[in-house]
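Visitor: Below is the sequence, then the predicted model.
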Amino acid sequence: MKSYNRAEKILTDRRRRGIQLGLERFAILLEKLKNPQKKFSAIHVAGTNGKGSVCAMTESILHQAGYKTGLYTSPHFFEYRERIRIDSKIISKKEFVRYFFEVLEAAEKIEKNRDIFFTEFELLTAATFLCFAKKKVQIAVIETGLGGRLDATNLCKPLVTVITRIGLDHQEFLGNTLKKIAAEKAGIIKTEVSCVVTRDPKTNPKVEKIAAEKKAPVLIPGEKEKQLVKKYFRNLSLKGEFQKENLALVLKIIDVLKRQKVSFQCKRESRAPKLLTALDSRFRGNDKQVFKIPPAAIARGLKNVCWPGRFQIIHKNPIVIIDGGHNPQAAAALVKSLKKGFPEKKIIFVVGILKRKDFRGILDELAKIAEQFILVDNLDEACWTASEMGNYLRQFKKPFEKFSRQEFFRWISEGRHKIFCFTGSFKTAGLGMKIFGSN
């Protein structure tokens, strides 16, 4: 029986089989599906921190400029279909079932005849590519799942590649140094395709070396983007000081696209009839045209972008913030934003951290401003226990308690003048959403 619940069960079961990086196996599946990834153009985004926000902002701007857009990101908070969006909207369960089972049927035929197993992420990525092709998406913004060079998304056809800030994460797959991780992220760079990169002296040399080998221009946000950030940041619906760096990248991406010629195969009605009309040249057949993205579309896109779980305020009295940051660099960015936005407030961190993450590095950063910790260890995935985190926190002499849903509402009622921040993982941020009904 083809149902959404069955699709989720199949994906969950496959997830337990783990991660298998590599493109050769996945290419066989895409070939069986008649290579849907070749039927739309893409913006391909890799990096350690900020890539989801960059993807969401970029897609929102292009959608507001009148293009038919696709957005593919990971992970999800509550259900798999959150990862796939058309024109800024999550696809329906009916659509998810349609594309997933078409992919599954092809995958199972291959698995039956070859010694091959397709992972959860590969099935999702194939279903996304198929969805974008069938929906006649003009431009898709695609976030890598893990790394870049061997990630399933690396078979897409990018007009521009993007690398956000790189940090230490997923070392068991990508290497234990910034240089090695940068090489894996830079694996998305394509021959003679522009690559937009965050300025970072620690990782830029490696990225630039790989780009030079492929004759790919490297573009780093500069003074022009810095001034534009000042102009547009007030329009941005996403909160947090760290979004300024992400916004600079997005504005550089838009600048590159406005000089990029591309053919579109479907007509698209504009969302700004006073600025653009359905007779606009970019909608006429397959003639190559540059992207037309006026300032008003940028402003609207930034105002309307929705990207949950990134310094998101979900409750006002008391203030409750959720942030899915799950590495020390993201924790440091969160602390900076909290200090800037709420300098006089006392912060209680509700923290749950997955087992494969650097819990010590995360707690080191959070402890700099924490008044108290509430420790979560009953997440759906293997995670560090409250006891393990608590033992480490003793050195900071900050009080901590194990999370209890019943007790939490007492803490909330007693802490009306404090800030509660759910962080350490997307699972913990999702817990905050569930408690406060923001899903």
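Guide: Structure received.

Visitor: residues of the helix ranked longest in the chain that come out buried?
Guide: Ordering each helix of the chain by length in residues (DSSP state H) puts helix 93-113 first. For helix 93-113, the neighbour count (16 or more other Cβ atoms under 10 Å) marks 93, 95-104, 106-107, 110 as buried. C-beta here means a position set from N, CA and C on the backbone, and glycine is covered the same way.

Visitor: Low-confidence regions, the stretch 251-400 of the chain specifically.
Guide: For the stretch 251-400 of the chain, the stretches with pLDDT under 70 are 264-287.

Visitor: can you rerun that using 50?
Guide: Applying pLDDT under 50 to the stretch 251-400 of the chain flags the ranges 267, 272-285.

Visitor: As a check, name the ranges of all helices in it.
Guide: Secondary structure of the stretch 251-400 of the chain (DSSP state H, counting those that start in this stretch): helices at 295-304, 328-341, 359-366, 386-393.

Visitor: Show me what the very next helix or strand once past the last one is packed up against.
Guide: Okay, so that is helix 386-393. As assigned by DSSP states H and E, the chain's next helix or strand after helix 386-393 is strand 400-402. Applying 3 or more Cβ pairs under 8 Å, 6 or more residues apart in numbering; DSSP states H and E, we find strand 400-402 packed against strand 370-375, helix 386-393.

Visitor: Give me the pLDDT value at the most centrally placed residue in the chain.
Guide: Centrality entry for the chain: nearest residue to the mean C-alpha point is residue 52, 2.3 Å, by Cα atoms, centre = their mean. Predicted confidence (pLDDT) for residue 52: 96.

Visitor: Please name the residues that touch it.
Guide: Applying Cβ atoms under 8 Å, 6 or more residues apart in numbering, we find residue 52 in contact with 73, 143, 307, 310.

Visitor: so which two of those are the farthest from each other?
Guide: Greatest spatial distance in these: 143 and 310, 13.1 Å, computed using Cβ to Cβ.

Visitor: returning to what we had before: I'd like the helices of the stretch 251-400 of the chain as TSV, with distance to residue 258 and mean neighbour count appended.
Guide: Conversion of those to TSV gives the following (distance: least, Cβ to Cβ, whole Å; neighbours: other Cβ atoms under 10 Å):
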stretch	distance to residue 258	mean neighbour count
helix 295-304	11	19
helix 328-341	29	20
helix 359-366	38	21
helix 386-393	47	17
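
Visitor: possible to save these as JSON lines with distance to residue 127?
Guide: What follows is these, written out as JSON lines (distance: least, Cβ to Cβ, whole Å):
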{"stretch": "helix 295-304", "distance to residue 127": "26"}
{"stretch": "helix 328-341", "distance to residue 127": "28"}
{"stretch": "helix 359-366", "distance to residue 127": "32"}
{"stretch": "helix 386-393", "distance to residue 127": "36"}
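
Visitor: Which one, of the ones you listed, ends up nearest to residue 26?
Guide: Comparing the helices of the stretch 251-400 of the chain by their distance to residue 26 (Cβ to Cβ), the top pick is helix 328-341, with 28.2 Å.

Visitor: distance between the ends of stretch 396-408?
Guide: Using Cα to Cα, to the nearest Å, the end-to-end distance of stretch 396-408 comes to 23 Å.

Visitor: next one: stretch 418-434
Guide: In stretch 418-434, first residue to last residue: 20 Å (Cα to Cα).

Visitor: and the closest residue to residue 119 other than its chain neighbours, what pLDDT?
Guide: Of all residues not flanking residue 119 in the chain, residue 20 sits nearest, at 5.3 Å (Cβ to Cβ, 6 or more residues apart in numbering). Residue 20 is assigned a predicted lDDT (pLDDT) of 89.

Visitor: do residue 182 as well
Guide: 97.

Visitor: list the contacts for the residue nearest to residue 254 when sequence neighbours are not counted?
Guide: Distances taken as Cβ to Cβ, 6+ apart place residue 293 nearest to residue 254, at 5.5 Å, with adjacent residues excluded. Each residue near residue 293 by Cβ under 8 Å, 6+ apart is listed here: 61-62, 65, 254, 257-258.

Visitor: so how far is residue 193 from residue 293?
Guide: Separation of residue 293 from residue 193 (Cβ to Cβ, to the nearest Å) stands at 19 Å.

Visitor: ok so, going back, let me know the closest of the contacts of residue 293 to residue 138.
Guide: Closest to residue 138, out of all of those and judged by Cβ to Cβ, is residue 62, at 8.4 Å.

Visitor: The closest one contacts residue 70, correct?
Guide: No - at 9.8 Å, residue 62 does not count as touching residue 70 under the criterion of Cβ atoms under 8 Å.

Visitor: That's all I had, so thanks and see you.
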